[in-house]
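Peer 1: I'll drop the sequence and a predicted model, then ask my questions.
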Amino acid sequence: MKPTSKPRPQDQSSGVSLHRDPIVWGAIRDSVPLFVPAIPFGFVLGTAMVQSELPTWIAWLSSVTIFGGAAQLALVTTAGLASWWTVVATAIVINSRHIMYSAGITPRYQNQPRWFRLLGPFFMIDQVFALAALQGELDRQQFRRYSMASGLFFFTSWLLATSAGVALGGSVPDNLGLEMAIAVMFAGLTSMSMQRFSAIVAAIVGAGVSIMLLGLPNRLGLLVGAAAGVVAAFLTDELARDGE
């Protein structure tokens, strides 16, 4: 008798081979075009890591431990040059949008395994949230596979992008690297909602104010720029509502 080949592992919920899981590959396919705008941000952030007061390897590890471009930029550009409260305040202002993410995605995390409820939020960056929020037709297990596949894709790609910036960052002038990082940061923060005029206004105002105020002590320009972008977006939305 000829030996029978060992069957491929099967996903018990759908009977689909894990090697060709349409949910996983669909998540990756959806994620690829959304990661493209993040590539220059990751590269420029890598150059900022080289120019940071932090040891380069510690700055790079922020991609592994923080996995949040805006928060990482605040860390690497203010380390050794700003007080701790400036770093914390900047991160809070920039990441305030995650409060909305939490409220919007909570129902999909109910009745999920404990490991997913603990690990999943770590990967819930802007793009992953935007994709996951559109998967209302997926059941509990399918949603878990989709969001984890998307999150792991972005996590791995982000490590590659920042690593490339670190490898080539020595060739970028110090001041230019920081200015580019700030400008690209605000563009990246709104890459998921550029169809909204308020998002475009936030990106332009935030980047412009931050660059103009680079000379402020304790890198307060980054904090002021972030706050200015948030206020500009709010005012733009309010004016739009009044005009309807």
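Peer 2: Cool, got the structure.
Peer 1: in the longest helix belonging to the chain, what's buried?
Peer 2: Looking across the chain with DSSP state H, the single longest helix is helix 140-168. Neighbour counts using 16 or more other CB atoms under 10 Å place 142-155, 157-158, 161-163, 165-166 of helix 140-168 among the buried residues. C-beta: built from backbone N, CA, C; applies to glycine.
Peer 1: what's the answer for stretch 35-46, then?
Peer 2: For stretch 35-46, using 16+ other CB under 10 Å, the buried residues are 35, 37-46.
Peer 1: filter these down to the ones in strands?
Peer 2: Within the buried residues of stretch 35-46, no residue falls in strands by DSSP state E.
Peer 1: out of those, which one has the lowest pLDDT?
Peer 2: Within the set of the buried residues of stretch 35-46, pLDDT is lowest for Pro37 (74).
Peer 1: output the lowest mean pLDDT helix or strand found in the chain.
Peer 2: helix 174-189 (a mean of 53; mean pLDDT, DSSP states H and E).
Peer 1: tell me where the protein has helices.
Peer 2: 22-35, 38-51, 56-65, 69-78, 84-94, 97-109, 114-119, 126-132, 140-168, 174-189, 197-212, 220-243.
Peer 1: now the weakest link among those helices, please, by mean pLDDT.
Peer 2: helix 174-189 (a mean of 53).
Peer 1: related to what we said a few turns ago, name the nearest of the buried residues of stretch 35-46 relative to Asn111.
Peer 2: Phe35 (29.8 Å; CB to CB).
Peer 1: does the closest one really touch Ser157, like I thought?
Peer 2: Yes. Phe35 is within contact range of Ser157, at 5.2 Å (criterion: CB atoms under 8 Å).
Peer 1: from what I can see Ala59 touches Gln51, true?
Peer 2: No. Using CB under 8 Å, Ala59 is not in contact with Gln51; the gap is 9.3 Å.
Peer 1: these two - which one has more neighbours?
Peer 2: Neighbour count, other CB atoms under 10 Å: between Ala59 and Gln51, Ala59 has more, with 24 against 21.
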